[in-house]
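Enquirer: Below are the sequence and a predicted model; questions follow.
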Amino acid sequence: MQAWFEKTAKMFDAAFISGDRWKLYLSGLGVTLEVAFFSAILGMIIGTILAFMKLSVRRNGKKTILTVIANIYIDVIRGTPSVLQLMIMWFIIFSNAKNGVLVAILSFGVNSGAYVAEIFRSGIMSIDGGQFEAGRSLGFNYVQTMRYIVMPQAFKNVLPALGNEFIVLLKETSVA
C-alpha cells in the first residue's frame, strides 16, 4: 500500500508540481471558460435571431424565405459534428488566422446558436395563445407583445435548458 502511495505521489508531483505545471492547467482552465462564456453569448444572439426567423411563418401558414434559411442552418449545423465544424473554421474559413481562441469561440458559437434557436423556439411556442391575445387587447403591436409579455415568460421556461446548453458547451470545448 505504501509503495502505491509513493508511486502516486511521484506521478502527481511530475504532473502538477514540478516545473510549475499547475500554472499550465490553470491557464487552460481560463481559456476553456473564456471560450465557453463568449461562445454561449454568441450562441444566444444567433439562436434568438434564428428562433424569430423560424417563427416568421405567414398568417396563412406558408413558410417565408427566412423560415427556410433558418431551417437549413439549424439542420446543417445540428447534423454535423462539432469537430468537423471546428476543422472547417480553422483550416478553410479562417486558414490565415493566428488566434485559435477566437476561431474556437466563433465555431462553438455558431454550433450553439443552432441548439439555442430550437430552445428559444420551443419556449416561445410553449406560451399560450391567450397571452398574444392579451397583448393585442392591451393595444400592443406584435413586437411589443413579444417583448413585454411573451419573451419574459418564454425565457423563464427555457432557463434550465439554456443552463444545460452551457454545460454541454463547456464540455465540448475540450475538442478545441
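Expert: Cool, got the structure.

Enquirer: Contacts for the helix or strand hosting residue 160 next, please.
Expert: Here residue 160 is covered by helix 151-172, with elements defined by DSSP states H and E. Under the contact criterion CB atoms under 8 Å, 6 or more residues apart in numbering, helix 151-172 has outside partners 32-33, 36, 39-40, 43-44, 82, 108, 111-112, 115-116, 119-120, 122-124, 126-127, 131. All C-beta atoms are positioned from the backbone trio N, CA, C, and that covers glycine.

Enquirer: Also stretch 130-150?
Expert: 124, 127, 153.

Enquirer: Look at the second one and give its secondary structure.
Expert: I take that to be residue 127. Here residue 127 is recorded as coil under DSSP: H, G, I helix; E, B strand; the rest coil.

Enquirer: Also residue 131?
Expert: helix.

Enquirer: For it, grab the count of nearby residues.
Expert: By the criterion of other CB atoms under 10 Å, residue 131 has 14 neighbours.

Enquirer: And the pLDDT at it?
Expert: Predicted confidence (pLDDT) at residue 131: the value is 92.

Enquirer: With residue 69 instead?
Expert: Here the pLDDT value assigned to residue 69 is 94.

Enquirer: Next, find the distance separating it from residue 159.
Expert: 27 Å (CB to CB, to the nearest Å).

Enquirer: Among the contacts of stretch 130-150, which one sits closest to residue 50?
Expert: Closest to residue 50 out of these is residue 124 (11.9 Å), distances taken as CB to CB.

Enquirer: Now for that closest one, how many residues are close by?
Expert: Based on other CB under 10 Å, the number of other residues close to residue 124 is 20.

Enquirer: With residue 139 instead?
Expert: 8.

Enquirer: Once you drop chain neighbours, what's closest to residue 41?
Expert: Closest residue to residue 41 apart from its sequence neighbours, by CB to CB, 6 or more residues apart in numbering: residue 109 at 7.6 Å.

Enquirer: Can you list the buried residues in the helix holding residue 160?
Expert: Using 16 or more other CB atoms under 10 Å as the test for burial, helix 151-172 gives 151, 154, 157-158, 161-162, 165-166, 169-170, 172.

Enquirer: a markdown table for the residues you listed, including pLDDT and distance to residue 52?
Expert: Formatted as a markdown table, those follow (pLDDT from 0 to 100; distance: CB to CB, whole Å):
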| residue | pLDDT | distance to residue 52 |
| --- | --- | --- |
| 151 | 92 | 10 |
| 154 | 94 | 11 |
| 157 | 94 | 16 |
| 158 | 95 | 14 |
| 161 | 96 | 17 |
| 162 | 95 | 16 |
| 165 | 95 | 18 |
| 166 | 95 | 21 |
| 169 | 94 | 22 |
| 170 | 94 | 26 |
| 172 | 93 | 25 |
